[in-house]
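In: need coordinates for the following:
(one chain, ligands or ions: 2)
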Amino acid sequence: AMVIRREDYTPPPFWIDRIELTFDLDPTKTRVLNKMSLRRNTEVPAQPLRLDGEDLNLARVVLNGGGCSFKMDGEALVLGNLPEGPEPFELEIFTTCSPEKNTQLSGLYLSQGDFFTQCEAEGFRRITYFLDRPDVMASYTVTLRADKDKYPVLLSNGNLVEQGELADNRHFAKWVDPHRKPSYLFALVAGRLISREQRILTRSGKEHLLQVYVRPGDMDKTEHAMNSLIASVVWDEARFGLPLDLERFMIVATSDFNMGAMENKGLNIFNTKYVLANSATATDTDFANIESVVGHEYFHNWTGNRITCRDWFQLSLKEGLTVFRDQEFSMDLCADASARAVKRIEDVRVLRTMQFPEDAGPMAHPVRPDQYVEINNFYTVTVYEKGAEVVRMMQTLVGREGFRQGMDLYFQRHDGQAVTCDDFAQAIADADPDSALARHLPQFKRWYSQSGTPRLQASGRYDAAERRYTLTLSQSCPATPGQSEKQPFVIPVALGLLDAQGQDLALRLQGEAQASGGTRLLVLTQASESFVFEDIDAEPVPSLLRGFSAPVIVDNGLTDDQLLHLLAHDSDAFNRWEAGQQLALRRAVQAVRAEGSVGAAPLDEAFIGAMRAVLCHPTLDAALKELVLTLPAETYIAEQLDVVDPQRIHAVRETMREQLAGALQADWAWAYEQHKDNGAYRPDPVSSGRRALAGMALTMLCIAARDTGDAVWPGKAYQRFKDAGNMTDRFNALSALVVSGQPLARDALARFHAMFQDEALVIDKWFALQAGAPDRGGNVLPAVRQLMTHPDFNLKNPNRARSVIFSFCSANPAGFHRSDAAGYVFWSERVLELDAINPQVAARLARALDRWKKLAEPYRSAAREAIARVAAKSDLSADVREVVTRALA
Ligand code: HT7
Ligand code: ZN
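Out: Numbering: from 1, shown residues only. Ligands and ions are numbered 1, 2, ... in the order given. From the prediction side, this is the model:
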């Protein structure tokens, strides 16, 4: 396999200043005329021009209006005899490609008969020959020609400058993008689409046209996306002073998409899942996801598009920063601190359940990777989510104001350029040379270069005679592939000390003149450091890493009583949740490790009482209650163990849930009745929190009813399912029946399908719920095989494939990890089958067995065999090959 290394970066040997593209769109054979103006980059030694290409049919090459010699090197087009000087020259390349044969959904492809493109990371080379790398930025002029009836809407980046009729019932549209851009931001869309439009005035008084394009029939699901877009424009201007730099900004939805969405300049292309929503078809989670993905793609306009990546190793430069920005956006839309804590908890949960395992497995890589075989495999939770945490730590270390100044400096220095993660960190640090970030910058940047999740160990010692509390913090980081030794990180530790009443103590560190209250920021830079707090009257309870101030695993050494104290009193809502999770985790791990069969009651009265106190708390938000009462995920429990038996973990967690369901039955009934009615549907944090808690209560009541054989709550759930006024309540009721294994689930599922058979995104939920259902005696795998024969199943559609196959292999550990290995056999069949259709999707599925080495026997050996079976296939894509090779290494 061809390994690409970061250290091998060299600037491009040529620049491409302008490109004029003309498309004759046709599903079987699209003709592409590419006229480029190039010039040598005289700063690097003269080399032949090597243009990237993939799956193209070359018809003609013209140099400065005349013929020229060229050769092919693999799929690349190589021109040797080019003018020697720095003068520009013109190259015309005529190719064809076949969109209807493009099942990879990279390059130019068809979705329900309409044309779409996806060029990041290296899809533009599937459209025409080009220097398909992000540091080559060109001005684009694009002419689209197509049949008028089949493709009435013709879109590309920038401004529409001309349109008109052509012979044979065809028409054309010409687009000019006023901004230079790398090829990965090119896009075109052609098809029968309609749009919701909104004109807005920005601060400078400029008018802009915002459009959301969807298929006819979906207009009633576009309001939320449009509102989210407007909110994004307003927010980026208010928080970062970054205005919309286009007259026209378009979002287009497609039901065939490999990822969530794509930030093409002025023409964002979205998976329908992140655009279409109304109260009847979308859940609160869908509404929230749409808001953050619309925000994310919009914020890329500055962080990614105006300033882009020098090379793909710098991917986190745009992705980590833009995830941080979309998190802050959603945070700033929250009405209060409690809603903000809920958002932070949700983000941290993703990091811990997805990124921590990645960082501990065979695909572990630094936020700025050092090498790759297939760049598509590096659109990871490490680059995105951990990358966002790294940016967040920078903000913590320089302060919010300092961060804003750093961003200003970043744009002053680099607008219009393709730059590196180092450039970004330097700008943020330079804005405030006295900041902790500036003082420790080289060391801080280890967050970009070292992979693995650091462990932070804390131990406190109270000296009553001296009225002194000494907190010792130590860090370490486990070895990861290719990195055996790690250097200490810069770890910002936000902390508070609670007194016996649960109040935050005023804090005075040794050597300081005055105490300051509440939360303090300590910056750990050594392997081990002690911090001494003075004037402490009694032993406090430390609340460490408030708001999750660094992406580390904490061993805080606290007793159960201390954790219960934090759960009851911590002024930091994040740490209240965290204390509850730790208490639950301890009990889960203990029950998993215990000898013999799983005991009937892994939970003790102290824990149950604390959970009851939270559930019935008079002032806590419903959303926070729901999070606290949700037990840690099976995969997160698994991460705490050296040897993983997925069946035992599942049994323990299910037992814990049954115990909570039974012990708090009356309280669940109270919670359900209190929170089930929320008036007219609005997807705001407060009413969605209430729906979430009501939904959880209903599930718990159906679980408790299963054990007692009681029919009342399943009956109520079924009634709720039928009468619900919105998708969140309806789906939660359906899920309560399915998850608790109630007989009524069958009928409800059938009704649900009949009700929504024309709503693809709802049918995805229907598939996913069944493929992700709790396993009972191995019943899920046969159900999944059955679902794959359903007329609505379609392996070629990524959303549908994910809803069935990924929901099972990646989100249903107990269903998937079977002692008879049948889950792994199913997995290897699907990976191979998908690889022939869509390598990107196949490679994501391949990662479901990343953590096989931790599995107990017989799972471990069976998993290794399944991976080896995939690896043995001779014609695997580079995508899947890289994943399985690393897994077996
Ligand atoms: N920047 C976008 C990445 C993306 C992508 C990458 C590889 C293959 C297909 C893709 N679709 C979108 C998404 C984002 O982070 O905003
Ligand atoms: Zn992004």
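
In: residue contacts, the residue of the stretch 51-200 of the chain found nearest ligand 2?
Out: Ranking the residues of the stretch 51-200 of the chain by distance to ligand 2 (Cβ to the ion) places Glu120 first, at 8.9 Å. Quick note: C-beta positions are derived from backbone N, CA and C, even for glycine. Contact partners of Glu120, counting by Cβ atoms under 8 Å, 6 or more residues apart in numbering, are Tyr184, Leu185, Met262.

In: what helix or strand is Phe329 on?
Out: helix 315-332 (DSSP states H and E).

In: Leu397 too?
Out: Following DSSP H and E, one finds Leu397 within helix 387-414.

In: that helix and ligand 2 in contact?
Out: No - figure legend: helix 387-414 not in contact with ligand 2 (Cβ under 5 Å from the ion); closest approach 10.0 Å.

In: helices and strands around the helix or strand just after that helix, which ones?
Out: Beyond helix 387-414 on the C-terminal side, the first helix or strand identified by DSSP H and E is strand 418-419. Contact analysis of strand 418-419 by 3 or more Cβ pairs under 8 Å, 6 or more residues apart in numbering; DSSP states H and E lists strand 308-309 as its packing neighbours.

In: hmm, 10 Å instead?
Out: strand 308-309, helix 315-332 (3 or more Cβ pairs under 10 Å, 6 or more residues apart in numbering; DSSP states H and E).

In: buried residues in the last one, which are they?
Out: Judged by neighbour count using 16 or more other Cβ atoms under 10 Å, the buried positions of helix 315-332 are 315-330.

In: my read: Ala871 touches Thr885, true?
Out: Yes - using Cβ atoms under 10 Å, Ala871 is in contact with Thr885, at 6.7 Å.

In: state the pLDDT value of the residue of the stretch 51-200 of the chain closest to ligand 2.
Out: pLDDT recorded at Glu120 is 99.

In: which residues of this protein lie near ligand 2?
Out: That would be Glu319, Thr322, which are the residues of the chain within reach of ligand 2 (Cβ under 5 Å from the ion).

In: what's the domain layout of the chain?
Out: Listed domain ranges for the chain are 4-275, 309-449, 455-480+487-511+518-550, 756-889 (source: automatic domain parsing).

In: do you know which of those lies nearest Gln665?
Out: Gln665 sits nearest to domain 756-889 of all those, at 19.5 Å, using Cβ to Cβ.

In: touching ligand 1 at all, stretch 108-127?
Out: Yes - Stretch 108-127 comes into contact with ligand 1 when judged by Cβ under 6 Å from any ligand atom, the residues involved being Gln118, Glu120, Ala121.

In: just say helix, strand or coil for the second one.
Out: The reference is to Glu120. Under the three-state scheme (DSSP: H, G, I helix; E, B strand; the rest coil), Glu120 adopts coil.

In: in the stretch 751-889 of the chain, what residue comes closest to ligand 1?
Out: Checking the stretch 751-889 of the chain residue by residue against ligand 1 with Cβ to the nearest ligand atom singles out Gln840 as nearest, at 5.7 Å.

In: give me the buried positions along stretch 189-198.
Out: Going by neighbour count (16+ other Cβ under 10 Å), the buried part of stretch 189-198 is Val189, Ala190, Gly191, Leu193, Ser195, Arg196.

In: do the same with stretch 70-90
Out: By 16+ other Cβ under 10 Å, the buried positions in stretch 70-90 come out as Phe70, Ala76, Leu77, Leu79, Leu82, Pro88, Phe89.

In: looking at the buried residues of stretch 189-198, which is nearest ligand 1?
Out: Of all the buried residues of stretch 189-198, ligand 1 sits closest to Val189, with 14.5 Å by Cβ to the nearest ligand atom.

In: next SSE downstream of the helix or strand hosting that closest one?
Out: Here Val189 sits within strand 188-191, counting by DSSP H and E. The element immediately downstream of strand 188-191 (helix or strand, assigned by DSSP H and E) is strand 194-201.

In: got the angle between whatever helix or strand comes next after that following strand and strand 194-201?
Out: Using DSSP H and E, the helix or strand that follows strand 194-201 in sequence is strand 207-214. Going by axes from the mean of the first three to the mean of the last three Cα atoms, to 10 degrees, strand 207-214 is angled at 160 degrees with respect to strand 194-201.

In: what's the average pLDDT for the helix or strand just after strand 207-214?
Out: Remark: after strand 207-214, the chain's next helix or strand is helix 223-240, criterion DSSP H and E. Confidence for helix 223-240, expressed as mean pLDDT, is 98.

In: please apply the same query to stretch 187-206.
Out: What stretch 187-206 shows for mean pLDDT is 96.

In: how about it as PDB, C-alpha atoms only?
Out: Once side chains and other backbone atoms are set aside, the C-alpha atoms of stretch 187-206 remain, and they are given as PDB (Å, rounded to 0.1, in the frame of the first residue of the first chain):
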ATOM      1  CA  ALA A 187     -19.800  21.500  -6.300                       C
ATOM      2  CA  LEU A 188     -22.600  21.200  -8.900                       C
ATOM      3  CA  VAL A 189     -26.200  20.100  -8.500                       C
ATOM      4  CA  ALA A 190     -28.700  19.500 -11.300                       C
ATOM      5  CA  GLY A 191     -32.200  18.200 -11.100                       C
ATOM      6  CA  ARG A 192     -35.800  18.800 -10.300                       C
ATOM      7  CA  LEU A 193     -35.600  20.700  -7.100                       C
ATOM      8  CA  ILE A 194     -37.600  23.400  -5.300                       C
ATOM      9  CA  SER A 195     -36.300  25.900  -2.800                       C
ATOM     10  CA  ARG A 196     -37.300  27.800   0.300                       C
ATOM     11  CA  GLU A 197     -35.800  31.300   0.000                       C
ATOM     12  CA  GLN A 198     -35.100  34.000   2.500                       C
ATOM     13  CA  ARG A 199     -33.500  37.400   2.000                       C
ATOM     14  CA  ILE A 200     -31.500  38.700   4.900                       C
ATOM     15  CA  LEU A 201     -29.700  41.900   5.700                       C
ATOM     16  CA  THR A 202     -26.400  41.500   7.500                       C
ATOM     17  CA  ARG A 203     -24.800  44.100   9.800                       C
ATOM     18  CA  SER A 204     -23.000  46.000   6.900                       C
ATOM     19  CA  GLY A 205     -26.400  46.500   5.300                       C
ATOM     20  CA  LYS A 206     -25.700  44.000   2.500                       C
END
